[in-house]
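Trainee: how would this look folded up:
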Amino acid sequence: MSFSELFVSKGWKKFMGFIYGWGAAIVMVGALFKIEHLPGATIMLTVGLLTEALIFFLSAFEPPHVEYDWGLVYPELDGIEENLNVLDKKAAISSKKSALEKFDAMIENAEITPELFEKLGHGLQNLNNTAEKLQDVSDATVATNNYVANFEKASEKVSSFADAYGSSAERLKVEADKLARTYEKSASVVGDSGEQLASTYNKLIENMNKELEMSTSGGKTYNEQLSIMNKNLTALNAVYELQLQGTNQQIEATKAMYTGLDEILDNMKQSAEDTRKYREEISKLSHNLAAMNTIYGNMLSAMNFKAD
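Mentor: Have a look, this model is predicted:
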């Protein structure tokens, strides 16, 4: 059997049917593996494309489809295609004419005049103007929404400012309490130092009196006692200097506390000034909103008037 006989045989046609079905299944499975990125997708896609190439190669050997001239078997069918083409052309021409005639009749029955077309043009122009006004209204709506969002943010800022103001007042109270306690301690230390100094001077006077009484007993003991008294005075001066240094340190600490308190009060004053300015800006913002609402109402009134 030659190749030409094999390609037109029934067995070959049946075999090609299996090839088409099985090959299409393999190609689809390979595409599925590649799309889903499954393991072995590259191999499956390669196998599918090679199978499709093999199918195209085998299909090239199939004989072309034979177009039989049935007019030889059935003479009445001879020239039927030409007659059908002529009838189709006539039907198309008649349908075009009938469609134009129907359209003209519809125009006449509807009494469509040039004035009606002019009114239609004016109506379309009014519709265009209304659409432009609607665009303006949408812009105003966007601006109103932005204003509402800004107003909400401003309310949040006021709340946070109130919280910060409360926190500052609480810290001010705590610092004032600390300052009062420090001042009390400083006053107590200064009082104790004064009492100790007075007690030391009293003791010194008593010792001096005793030394004077003892000095009358003899000149030798007088010089010795005078030397001891000088030493005691030197020690007393040293103690007094230490007391003065401690008192000065307490005074400096008190001054520093007062300086911090003044700074806190200045900050509170500045916060109050900022609050006043913020209230003024909120008042201006409310005034602008009222003006915007007035403009928005006038636009709606104008649109309603145009619509009427």
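
Trainee: so how many other residues sit close to residue 20?
Mentor: 13 (other C-beta atoms under 10 Å). Where C-beta positions appear, they are placed from N, C-alpha and C, glycine not excepted.

Trainee: per-residue confidence at the spatially closest residue to it that is not a sequence neighbour?
Mentor: In space, and not counting its chain neighbours, residue 20 is closest to residue 55: 6.5 Å by C-beta to C-beta, 6 or more residues apart in numbering. pLDDT, the model's per-residue confidence, is 90 for residue 55.

Trainee: do you know how far residue 55 is from residue 289?
Mentor: 74 Å (C-beta to C-beta, to the nearest Å).

Trainee: got the domain ranges for the chain?
Mentor: Recorded structural domains for the chain (assignment: automatic domain parsing) are 3-66, 137-307.

Trainee: weakest of those domains by average pLDDT?
Mentor: Taking the mean pLDDT of the domains of the chain, domain 137-307 comes last: a mean of 69.

Trainee: more neighbours, residue 55 and residue 289?
Mentor: Shown here are residue 55 and residue 289; by other C-beta under 10 Å, residue 55 has more neighbours (17 against 14).

Trainee: verify the stated contact: the more buried one with residue 23.
Mentor: Yes - judged on C-beta atoms under 8 Å, residue 55 makes contact with residue 23 at a distance of 4.4 Å.

Trainee: tell me the secondary structure for residue 62?
Mentor: Here residue 62 is recorded as coil under DSSP: H, G, I helix; E, B strand; the rest coil.

Trainee: ramachandran angles for it?
Mentor: The phi and psi values for residue 62, taken as degrees, to the nearest 10, are phi -70, psi 140.

Trainee: how much space between it and residue 22?
Mentor: Counting by C-beta to C-beta - residue 62 and residue 22 are separated by 17 Å.

Trainee: can you check residue 181 too?
Mentor: 98 Å.

Trainee: repeat that for residue 10.
Mentor: 19 Å.

Trainee: now do residue 119
Mentor: In terms of C-beta to C-beta, residue 119 sits 70 Å off from residue 22.

Trainee: please apply the same query to residue 236.
Mentor: From residue 236 to residue 22 the distance is 122 Å (C-beta to C-beta).

Trainee: before we move on, the earlier item: neighbour-wise, which of residue 10 and residue 22 wins?
Mentor: The residue with more neighbours, out of residue 10 and residue 22, is residue 22; 12 against 7, by other C-beta under 10 Å.

Trainee: what about that one, which helix or strand?
Mentor: In this assignment (DSSP states H and E), residue 22 forms part of helix 10-35.

Trainee: which SSE is immediately downstream of that helix?
Mentor: helix 41-59.

Trainee: burial of residue 290, as a residue count?
Mentor: 9.

Trainee: any idea which helix or strand carries it?
Mentor: Residue-wise, residue 290 maps onto helix 219-307 under DSSP H and E.

Trainee: what packs against that helix?
Mentor: helix 114-215 (3 or more C-beta pairs under 8 Å, 6 or more residues apart in numbering; DSSP states H and E).

Trainee: next, residue 66: secondary structure please.
Mentor: Applying three-state DSSP: residue 66 is coil.

Trainee: begin at 59 from here
Mentor: From this message on, residue numbering opens at 59, which makes the last subject residue 124.
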